[in-house]
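J.: Kindly return the folded structure for what I paste below:
(2 chains, ligands or ions: 1)
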Amino acid sequence: MKVNGAEITIKLLERQGIEVISGIPGGANLPLYDALSKSSIRHVLARHEQGAGFIAQGIARTTGRAAVCFATSGPGLTNLLTAIADAKQDSIPMVAVTGQVSYGLVGTDAFQEVDTYGLTIPITKHNFLVRSPEELLQVVPEAFRIAEGGRPGPVVVDIPKDVQLGMVELEAWPEPAAAKEKSHVEICMADIEQTATLINEAKKPLLYIGGGIVHSNAYRALREFAGKNSIPVTSTLMGLGCLRGDDPLNLGMVGMHGTRYTNYLLNETDLLLAFGVRFDDRATGKVSGFCRNARIVHIDIDEAEINKIRKADISITGDIGAVLGKMLPLVKRDERKEWITQIESMKAAFPFFMPSGSGRHPIEIIKLIGSLAPEDAIITTDVGQHQMWVAQGYPFKLPRTLLTSGGLGTMGFGLPAAIGAAIANPDKRVICFSGDGSILMNIQELATLADLQLNVTVAVLNNGHLGLVRQQQEMFYDGHYIASEFVTNPDFAMISRGFGITAYDAGRGGNMEEVLRQALSHSGPAFVNIPIPPKENVIPIVPPGAANHDMVGGETYER
Amino acid sequence: MKDKDSVIIELTVQNHAGVMSHITGLFSRRAFNLEGILCGRIGDGTRSRMYLLVNDDDRLEQIVKQLQKLYDVLEVSLKYDYDQSVFDRLSEWIGG
Ligand SMILES: Cc1ncc(C[n+]2csc(CCOP(=O)(O)OP(=O)(O)O)c2C)c(N)n1
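T.: Here you go, the predicted structure:
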């Protein structure tokens, strides 16, 4: 058969099992779109390439499989960069296929030419500039192998227009990349035995878990492991949901906005089990002050994370699910009465600050939404105070139910990620918590949401500020406020209606619970604007550069 | 002539136009220092050999691990027992 490069690409994406591609067409990727028009793959037209990238992320983060987005050359690619960098930071498998000017024009400053290869080196796991249509036969499956294998990440496949149009005579299609192969690294049994012995002998072990548990689909193994030996678990932002929020062993989130008793317990532990984490500064605070009295066991699939920030006493490179499976029979059943009692008294002495009363504190609103939403609802957030309040207050019960921009901290993530999550999970309710700052960064995707009529409820916690910035200025810049309060505030409900989306305003009198109930049960997209006090702070907070135990805020509420 | 404070990293890499950017980009974005590079193709030209002259300090472990992660890097090894004179002659030649 005779096919062109674009047809090869689309066919290989089909064979890879791709069902949906988000993107925006333009001059340099029109041959790809032409081939797509004859394909079974559904295209979702985003309204900005960053939106397309985050839609793909929403699919990838909820399914664990690589998702695909398309952009044209030049401005299409530059618009996509943020979503790619975001996927790199959070280890999300994604394949971005970009159009490029014809190969003969590369390097001539042609119309809509930009150095995609150069721009994406630092923000991808790997990238390809494809030089011939034949190369696509190898590059496309390889892109998926790289994106999904080991520590996942984004891959860019940049295809010049003449390569898309170039004809090839083909006998047969190459095999698609196999579904994520488990790590090939032979896990050293001696290290596992040694770790199990350390655990069995430790007085005060503590699990510090993160996104690695999610990526490895190892939350059941983790629950069993922690339960058997009664090891309390603290999680990074990326690991929330691996333990149920109401599990007695769950100590909640660690770090900058972690729970007070959790951050104190870090000083108590004698054995830190760092599983699927990378000692990010938002989690550890000042590293030299992090778990000062503990031996450290670090297990991660990425060898380069071992000893990068904190030297480990024992390290294992490998898939955490596989390691947990091998280690489980070696740890003894233990109730750890003393350690658990100490933890309980720490919890009682320094409980999580729970605002109570008015019902208007953002955490109360988030908890209320949590009680109204189905157990398996998928939550996305934007970035700011609302993100931290969701992390602190939402009752997560399963992994992959919190999609949040952890590493890059990208405002604008929430809405398109919610669209992607809803595309991949049509039977579930998706809730996007956003702020009045963040929502404007990708508000155009309300049009995409209206196109698709997905079950997404957007809840904007509206404080009239770039709240987290305002908080930092209040606490760390002597209250010198600049550029953190909005001069004007749009009527979000009206804007949403303009996009054809049913909108509610929880501020206009009425019963908040009733309004939220409606917004959450509405079939198809809904938007709810929720006014909150303008100057509420996220507490506790570890000041920049301080150790976790030196967090501030919330003390007065806590005795 | 040997220099105790530095070490040479020997790399075998795929030989295509983008490989050098991947490697030098890694050094700049991770704030690793890089004192010298030598590079030439080997065999049938599908591969190249690179020698990177770097400081022998506590960041070396990270540098090596990060290099190993690069897709186009096929082999990484450390050469402590090396003759640095080629780098010295090179810097003489370029007037350093
Ligand atoms: C794209 C981007 N620009 C700037 C920032 C810096 N930043 C972090 S939080 C924040 C304020 C977010 O405001 P809003 O979305 O209203 O959320 P709130 O903190 O009020 O809940 C800003 C500007 C960022 N994280 N992302």
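J.: Helices of chain B, start to end?
T.: B:19-29, B:60-69, B:85-93 (DSSP state H).
J.: Need these in JSON lines (columns: distance to chain A, mean neighbour count and mean pLDDT).
T.: All C-beta spots, glycine's among them, are computed from the backbone N, C-alpha and C. Converted to JSON lines, the helices of chain B look like this (distance: least, C-beta to the nearest C-beta, whole Å; neighbours: other C-beta atoms under 10 Å in any protein chain shown; pLDDT from 0 to 100):
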{"stretch": "helix B:19-29", "distance to chain A": "5", "mean neighbour count": "16", "mean pLDDT": "95"}
{"stretch": "helix B:60-69", "distance to chain A": "4", "mean neighbour count": "18", "mean pLDDT": "96"}
{"stretch": "helix B:85-93", "distance to chain A": "26", "mean neighbour count": "13", "mean pLDDT": "80"}
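J.: Next, format those as TSV and append distance to B:G45.
T.: Listed next are the helices of chain B as TSV, based on distance: least, C-beta to C-beta, whole Å:
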stretch	distance to B:G45
helix B:19-29	13
helix B:60-69	22
helix B:85-93	22
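J.: so which of those comes closest to A:P25?
T.: helix B:19-29 (28.6 Å; C-beta to C-beta).
J.: just how off-centre is the closest one within its chain?
T.: With C-alpha atoms, centre = their mean, to the nearest Å as the basis, helix B:19-29 stands 10 Å off its chain's centre.
J.: outside of that helix, which residues touch it?
T.: A:117-118, A:121-122, B:11, B:13, B:32-34, B:37, B:39, B:48, B:50, B:52, B:63, B:66-67, B:70-73 (C-beta atoms under 8 Å, 6 or more residues apart in numbering or on different chains).
J.: and if we set it to 7 Å?
T.: A:118, A:121-122, B:13, B:34, B:50, B:66-67, B:70, B:72 (C-beta atoms under 7 Å, 6 or more residues apart in numbering or on different chains).
J.: quick one: which of those is nearest the ligand?
T.: A:P122 (17.7 Å; C-beta to the nearest ligand atom).
J.: Check which residues of stretch A:240-257 are buried.
T.: Buried residues in stretch A:240-257, counting neighbours by 16 or more other C-beta atoms under 10 Å in any protein chain shown, are found at A:240-244, A:249-257.
J.: Say whether the ligand is contacted by it.
T.: No. Counting by C-beta under 6 Å from any ligand atom, the ligand has no neighbours in stretch A:240-257; the shortest distance is 11.8 Å.
J.: hang on, A:N463 packs against A:I530?
T.: No. Using C-beta atoms under 7 Å, A:N463 is not in contact with A:I530; the gap is 9.7 Å.
J.: Can you tell me how far the residue of chain B found nearest the ligand is from B:S21?
T.: Nearest residue of chain B to the ligand: B:R29, at 19.8 Å (C-beta to the nearest ligand atom). Per C-beta to C-beta, to the nearest Å, B:R29 is found 11 Å from B:S21.
J.: Over to A:I213?
T.: For A:I213 relative to B:S21 (C-beta to C-beta), the value is 34 Å.
J.: Skipping adjacent residues, who's closest to the residue in the stretch 101-250 of chain A that chain B sits nearest to in space?
T.: Across the stretch 101-250 of chain A, the shortest distance to chain B (C-beta to the nearest C-beta) belongs to A:H126, at 4.2 Å. Once flanking residues are discounted, A:H126 sits nearest to B:Y71: 4.2 Å by C-beta to C-beta, 6 or more residues apart in numbering or on different chains.
J.: again with A:L440
T.: A:P490 (7.7 Å).
J.: check contacts around residue 61.
T.: Since you didn't name a chain, this refers to chain A. A:R61 touches A:92, A:400, A:403, A:417, counting by C-beta under 7 Å, 6+ apart.
J.: Actually, chain B is the one I wanted.
T.: Here B:E61 is in contact with A:N307 (C-beta under 7 Å, 6+ apart).
J.: How much space separates it from A:S288?
T.: 19 Å.
J.: Could you do A:Q112 as well?
T.: The value you get for A:Q112 to A:S288, if C-beta to C-beta is used, is 49 Å.
J.: out of those two, which sits in the more crowded spot?
T.: A:Q112 (16 against 9; other C-beta atoms under 10 Å in any protein chain shown).
J.: which residues sit in contact with the more buried one?
T.: A:27-28, A:72-75, A:101.
J.: Helix, strand, or coil at it?
T.: Under DSSP: H, G, I helix; E, B strand; the rest coil, the three-state class of A:Q112 is coil.
J.: for A:Q471, same thing?
T.: Assignment for A:Q471 (three-state DSSP): helix.
J.: Give the closest residue to it in space, chain neighbours not counted.
T.: A:N537 (4.9 Å).
J.: So what does the one you found have for phi and psi?
T.: Torsion angles at A:N537 (phi, psi; degrees, to the nearest 10) stand at phi -110, psi 150.
J.: distance of it from A:M388?
T.: Taking C-beta to C-beta, one finds A:N537 at 10 Å from A:M388.
J.: Which one of the two is surrounded by more residues?
T.: Comparing A:N537 with A:M388 by other C-beta under 10 Å, the one with more neighbours is A:M388, at 25 against 16.
J.: List of residues touching the helix or strand containing the more buried one?
T.: Per DSSP states H and E: A:M388 is located in helix A:385-393. Helix A:385-393 is contacted by residues A:237, A:240, A:253, A:257, A:362-363, A:366-367, A:379, A:381, A:404, A:433-435, A:461, A:467-468, A:471, A:538 when judged by C-beta under 7 Å, 6+ apart.
J.: The stretch 101-250 of chain A against chain B: which residues are in contact?
T.: A:117-118, A:121-122, A:126, A:129, A:146 (C-beta under 7 Å from any C-beta of the partner chain).
J.: How far off centre is the helix holding A:M388?
T.: That offset, for helix A:385-393, works out to 14 Å (C-alpha atoms, centre = their mean).
J.: Run a quick neighbour tally on A:F527.
T.: Number of residues near A:F527 (other C-beta under 10 Å) recorded here: 28.
J.: measure the residue of chain B closest to the ligand to A:I123 for me?
T.: Taking C-beta to C-beta, one finds B:R29 at 10 Å from A:I123.
J.: Could you tell me which ranges of chain A sit under the pLDDT cut-off?
T.: A:179-185, A:356-357, A:556-559 (pLDDT under 70).
J.: list the contacts for residue 87?
T.: All of this refers to chain A. Contact partners of A:A87, counting by C-beta under 7 Å, 6+ apart, are A:57, A:94, A:153-154.
J.: looking at chain B here, not the other one
T.: Neighbours of B:F87 in contact, by C-beta under 7 Å, 6+ apart: B:36, B:53.
J.: ok, it to B:Y51 distance?
T.: With C-beta to C-beta as the criterion, B:F87 and B:Y51 are 8 Å apart.
J.: Same question for A:T197.
T.: 43 Å.
J.: What is the neighbour count of B:Q14?
T.: Considering only other C-beta under 10 Å, B:Q14 is surrounded by 15 other residues.
J.: Which residue, other than its chain neighbours, is closest to it?
T.: In space, B:Q14 is closest to B:D72, 4.2 Å off (C-beta to C-beta, 6+ apart).
J.: now A:G409
T.: Per C-beta to C-beta, 6+ apart, closest to A:G409 is A:V383, 4.9 Å.
J.: Just to check, the one you found is in contact with A:T410?
T.: Yes. The pair A:V383 / A:T410 is scored as a contact, 6.2 Å apart, by C-beta under 7 Å.
J.: Please report how far the spatially closest residue to B:G18 that is not a sequence neighbour lies from A:F352.
T.: Leaving aside its chain neighbours, B:G18 sits nearest to A:Y117 (5.7 Å; criterion: C-beta to C-beta, 6+ apart). Per C-beta to C-beta, A:Y117 is found 47 Å from A:F352.
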